[in-house]
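**Q** Whatever this is, show me its structure:
(one chain, ligands or ions: 1)
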Amino acid sequence: MSQTESRTEPNADQEADVATPAVGLIMGSQSDWATMSHAATTLDALEIRYESRIVSAHRTPDRLADYARTAAERGLKVIIAGAGGAAHLPGMCAAWSSLPVLGVPVESHALKGMDSLLSIVQMPGGVPVGTLAIGKAGAINAALLAASILALSDDALGARLETWRALQTAAVAETPAS
Ligand code: RP5
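**A** Residues are numbered from 1 along each chain as shown. Coordinates of the predicted model:
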């Protein structure tokens, strides 16, 4: 194959890379989707490939171990993990994988998400989880932070992120409407 052909026709590895999700979007329960769907919407807006899965630290511990231990070799670059209550999912993900793990505390009914927040943010030194805000804001920001991380090695994504931010800025009115 000539050099020209190799530039214009992706080889098998490159084709696989195009199809491989860059972000693993996981959550402890179906009930977390109402929150975590905001991360999905934001990833969609930035044209970031992701896969979404229900992976519970408590109810499906083997699924969690399998998921996190194989995440890097499957091509994921960042994991976004949302959970509520005794929210061990992000921390256990970080225990099994060296990928960046972004934790989203899902708002719980009993304690308004304070339990989720403290469970996720108070990791022991040496096993980091990047913890976002409780609820929708955290889910959106997890996606944006994942975008920033991925944009370090993806100029096109960096440009899309800058455009997204510029549109957000342009959408803020100078005066409040009554
Ligand atoms: C956590 O327990 C999940 O992340 C969820 O936020 C919470 C409640 O789960 P369900 O009882 O609604 O399935 O593991």
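**Q** Quick check: residue 24 vs the ligand, distance?
**A** The gap separating residue 24 from the ligand is 15 Å, by C-beta to the nearest ligand atom, to the nearest Å. C-beta here means a position set from N, CA and C on the backbone, and glycine is covered the same way.
**Q** Count the neighbours of that residue for me.
**A** Using other C-beta atoms under 10 Å, residue 24 has 26 neighbouring residues.
**Q** Tell me the secondary structure at it.
**A** Put simply, residue 24 is strand when judged by DSSP: H, G, I helix; E, B strand; the rest coil.
**Q** Quickly list what it is bridged to.
**A** residue 51, residue 79 (DSSP bridges).
**Q** Hmm, residue 67 and it touching each other?
**A** Yes - Residue 24 sits in contact with residue 67 when judged by C-beta atoms under 8 Å, with a separation of 7.3 Å.
**Q** where along this structure do the strands fall?
**A** For the chain, strands defined by DSSP state E occupy the ranges 23-27, 50-54, 78-84, 101-106, 130-131.
**Q** which residues touch the second one?
**A** The contact list for strand 50-54, computed with C-beta atoms under 8 Å, 6 or more residues apart in numbering, reads 21-30, 32, 36, 40, 43, 60, 67, 76, 80.
**Q** Now the buried members of these.
**A** 21-29, 32, 36, 40, 43, 67, 76, 80 (16 or more other C-beta atoms under 10 Å).
**Q** tell me which of those residues is nearest to the ligand?
**A** residue 28 (2.5 Å; C-beta to the nearest ligand atom).
**Q** how about the closest one, what does it touch?
**A** Contacts of residue 28 (C-beta under 8 Å, 6+ apart): 54-59, 82-84, 87, 89, 106.
**Q** Go again with 10 Å.
**A** If a contact means C-beta atoms under 10 Å, 6 or more residues apart in numbering, then residue 28 has 36, 54-60, 64, 81-90, 106, 116 as its contacts.
**Q** count of residues packed around the closest residue to it other than its chain neighbours?
**A** Using C-beta to C-beta, 6 or more residues apart in numbering and skipping residues adjacent in sequence, the residue nearest residue 28 is residue 83, 3.9 Å away. Number of residues near residue 83 (other C-beta under 10 Å) recorded here: 31.
**Q** Bridge partners for residue 83, pull those for me.
**A** residue 105.
**Q** Please name the residues that touch it.
**A** Residue 83 neighbours (C-beta under 10 Å, 6+ apart): 26-29, 32, 35-36, 55-58, 89-93, 103-106, 108, 116, 119-120.
**Q** do residue 152 as well
**A** Applying C-beta under 10 Å, 6+ apart to residue 152 gives the contacts 77, 158.
**Q** end to end, how far does stretch 67-87 reach?
**A** Terminal residues of stretch 67-87 are spaced 17 Å apart (C-alpha to C-alpha, to the nearest Å).
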